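# let me see the structure of the following:
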Amino acid sequence: MPNNNFQFEISLSVLNHLGRNLYRNFITVLGEAISNAWDADANNVWIKIDKANSTFSIKDDGFGMTATDFQSKFLKIGYSKRKEGIIRSSKKRPFIGAKGIGKLALLSCADRISIFTKTDGTEYVGGVIDNYGLDNAITNDLTPNDYPLEKLNFELISDLTEGHQKGTIIVFENTKEIIRNSEAHIKKLLAMNFKFSLLDEEFNLFVNGEKVTINDLKDLMDATEFLWLINQYSDEYIESLPSLKADPSVITTALDLKGFIATVEKPGQLKIRGTEERATIDLFVNGRLREKNIIRHIPTQRIVESYMYGQIHFDAMDQSDNDPFTSSREGIVDDDENFQSLLDFLKRVVLPKIFDDWDKLRLGRGEEGDEENQRKSRRLRKARGLYSEVSKDYTSDEDAPGKKQVENWLAELQDDAEFNINAYTDCFLSENLIRKYIDNQGIEITKRAEKQSSKLRDKEVKNKETAGISFDLRKNNDPMSYNDMDTLVLWAEEKTTIPKNAASLLNDAINYKPVRNIVGHTGLLTDIAKQHLNVTFQNIKSRVVTLVSMKKDEE
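Below is the predicted model:
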């Protein structure tokens, strides 16, 4: 084995700030190793996790490094092929690395990091970075010359070298974060955050021997309800969505970008179980996640935001002469021209359309929509929501025969139910408020009201006898509870002084009665009848208030 003394070519204190203190998000740290493998034309990246020993490794089959490469390129902080004018690999892949400091991310997630690398036909070279030793070197203000990397311990990779002709293996000992997550959760995070397969189908990620695929996002896929495509975007993920409740909608733009935005049925379904991660609308450039949750730059506080996730792919942002990414690689420089164009497109076109579409689609399914949308009043939305909840009791049995037919009938009744529930509430309030008024003012009963209540009471007694009911049905058995709107209005107004220029409730009550009776008996109204009842209700509500107000003025 070559016996080289390797060392960093940078001030160790700067190394500390750039490496261990700059990278906060673990998936970003892991991403740097994956991106290095991509740039090295690897076809495969294997991540092996050993929870028992708090160790994990990342192995790739890229072109690897010679001893010279390891010292002059890997350990030379700030080295980047792009600075030599090279922007694509030999496989024509766009290089992800730009600043040459991403490798320092490796220092932030373990106490000891061992790098083993070899080219085809050479032996492994590399070294060990011990963070405790690095701390001591920084404390004593040592120079890189005084802090050579430790020699490799090849026992660490004894089970990783078989068939490894070329590439790099990085071993992390005494890890700080990854061990907390299960293999399934790590695979989900990788599936969400890396889309290199869009550019090269031969690039694969494995966790403990299992390939990362879209199936790792099955929970999210199953929960996805509606979908919007940007510039006719398509990929394996969206083509495999199993439960869309409507056809995807396409949003076009002259910007050189593509992607999708989707919504789930419930906000909690965006949470990646077992992790602190949540699916958001993320920006990808050349297959690499560059900015999570980009709509945080244009918050609207609309309820729809808590249901949304997606991916925007904007490869044009990767410019060799103008790097828009922050040093930590966890975000975008805010004043980047392309980024601002993207945010403007999202704000002016994408989000308004999704907000409106989502509300319409949700209401169409009997679900709650966006209360801030002016399509329906708040009270109609609440009525629909109540109908949706009640109707679930009629379709709860998954195996009931005719279940689909019942669901179709419920869907057909939904618009009428929304109106009738709302109208019945108005009926209930308007009539009972007049009863309250009569009772409060102690207004003597009219002959008509007395005759009407006696007739209806006798009829109800006979009905109870026929049904074999011996208990009371009405909470109040006084004459008022048996009288309807027009009789109540005459009762209330006969003993009340109504100014000559004040409109009486009587005409409204007469207009209201035939339509009210249909609603009270669960009938369905025509559109013109609904309009008629709405106008009449507006008059009744204002005049009930006026009636009470006049009596207060007299007092």
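# for residue 34, see how far away the nearest residue to residue 311 once chain neighbours are set aside is.
Among residues not flanking residue 311 along the chain, residue 259 sits closest, at 4.9 Å (CB to CB, 6 or more residues apart in numbering). Glycine gets a C-beta too; all of them are placed from N, C-alpha and C. Using CB to CB, to the nearest Å, residue 259 is found at 21 Å from residue 34.
# okay, strands next: where are they in the stretch 301-450 of the chain?
308-313 (DSSP state E, counting those that start in this stretch).
# whoops, I mixed them up, the stretch 51-200 of the chain
55-60, 110-118, 125-130, 167-175.
# for the protein, which helix or strand comes out least confident on mean pLDDT?
Within the chain, confidence by mean pLDDT, DSSP states H and E is lowest for helix 12-15 among all helices and strands, at a mean of 58.
# how far off centre is the helix or strand following it?
Using DSSP states H and E, the helix or strand that follows helix 12-15 in sequence is helix 26-39. Per CA atoms, centre = their mean, to the nearest Å, the displacement of helix 26-39 from the mean C-alpha position of its chain is 25 Å.
# next, the buried residues of helix 26-39.
Residues 26-39 are the ones in helix 26-39 that count as buried (16 or more other CB atoms under 10 Å).
# reformat the strands of the stretch 51-200 of the chain as TSV; add distance to residue 211 and mean neighbour count.
Shown next, in TSV, are the strands of the stretch 51-200 of the chain (distance: least, CB to CB, whole Å; neighbours: other CB atoms under 10 Å):
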stretch	distance to residue 211	mean neighbour count
strand 55-60	14	22
strand 110-118	23	22
strand 125-130	27	22
strand 167-175	18	22
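# out of these, which is closest to residue 284?
In terms of CB to CB, the element of the strands of the stretch 51-200 of the chain nearest to residue 284 is strand 55-60, at 20.6 Å.
# which other residues reach the closest one?
Contacts with strand 55-60, where a contact means CB atoms under 8 Å, 6 or more residues apart in numbering, come from 30, 33-34, 36-37, 40, 42, 44-50, 156-157, 160, 164, 167-175, 178-179.
# then it to CSV, C-alphas only?
Extracted in CSV, the C-alpha atoms of strand 55-60 (Å, rounded to 0.1, in the frame of the first residue of the first chain):
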residue,chain,number,x,y,z
THR,A,55,-21.3,3.4,12.0
PHE,A,56,-22.3,3.8,8.3
SER,A,57,-20.5,3.9,5.0
ILE,A,58,-21.0,5.3,1.6
LYS,A,59,-19.5,3.4,-1.3
ASP,A,60,-19.6,4.3,-5.0
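# in its sheet, what does that strand sit against?
strand 44-50 (antiparallel), strand 167-175 (antiparallel) (DSSP bridges).
# redo these as JSON lines? Include distance to residue 247 and mean pLDDT.
Converted to JSON lines, those look like this (distance: least, CB to CB, whole Å; pLDDT from 0 to 100):
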{"stretch": "strand 44-50", "distance to residue 247": "36", "mean pLDDT": "93"}
{"stretch": "strand 167-175", "distance to residue 247": "45", "mean pLDDT": "92"}
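# out of those strands, which comes closest to residue 308?
strand 44-50 (29.5 Å).
# got the angle between that closest one and helix 26-39?
With axes from the mean of the first three to the mean of the last three CA atoms, to 10 degrees defining the directions, strand 44-50 sits at 140 degrees from helix 26-39.
# for strand 44-50, buried residues please.
44, 45, 46, 47, 48, 49.
# go on, stretch 283-296?
Residues of stretch 283-296 classed as buried by neighbour count (16+ other CB under 10 Å): 283, 284, 285, 286, 287, 288, 289, 290, 291, 292, 294, 295.
# equivalent analysis for stretch 148-166, please.
Buried residues in stretch 148-166, counted by 16+ other CB under 10 Å: 149, 152, 156, 157, 164, 166.
# and stretch 507-527, by the same measure?
508, 509, 511, 512, 515, 516, 518, 519, 525.
# any chance of a markdown table for those residues, columns secondary structure?
Compiled in a markdown table, those are given as follows (DSSP: H, G, I helix; E, B strand; the rest coil):
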| residue | secondary structure |
| --- | --- |
| 508 | helix |
| 509 | helix |
| 511 | helix |
| 512 | helix |
| 515 | helix |
| 516 | helix |
| 518 | helix |
| 519 | helix |
| 525 | coil |
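# can I get the residues you listed in TSV with pLDDT and distance to residue 113?
What follows is these, written out as TSV (pLDDT from 0 to 100; distance: CB to CB, whole Å):
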residue	pLDDT	distance to residue 113
508	83	82
509	83	84
511	84	83
512	84	80
515	88	78
516	87	78
518	90	77
519	88	73
525	90	73
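# and these, which is closest to residue 375?
Nearest to residue 375 among the buried residues of stretch 507-527 is residue 525, at 20.4 Å by CB to CB.
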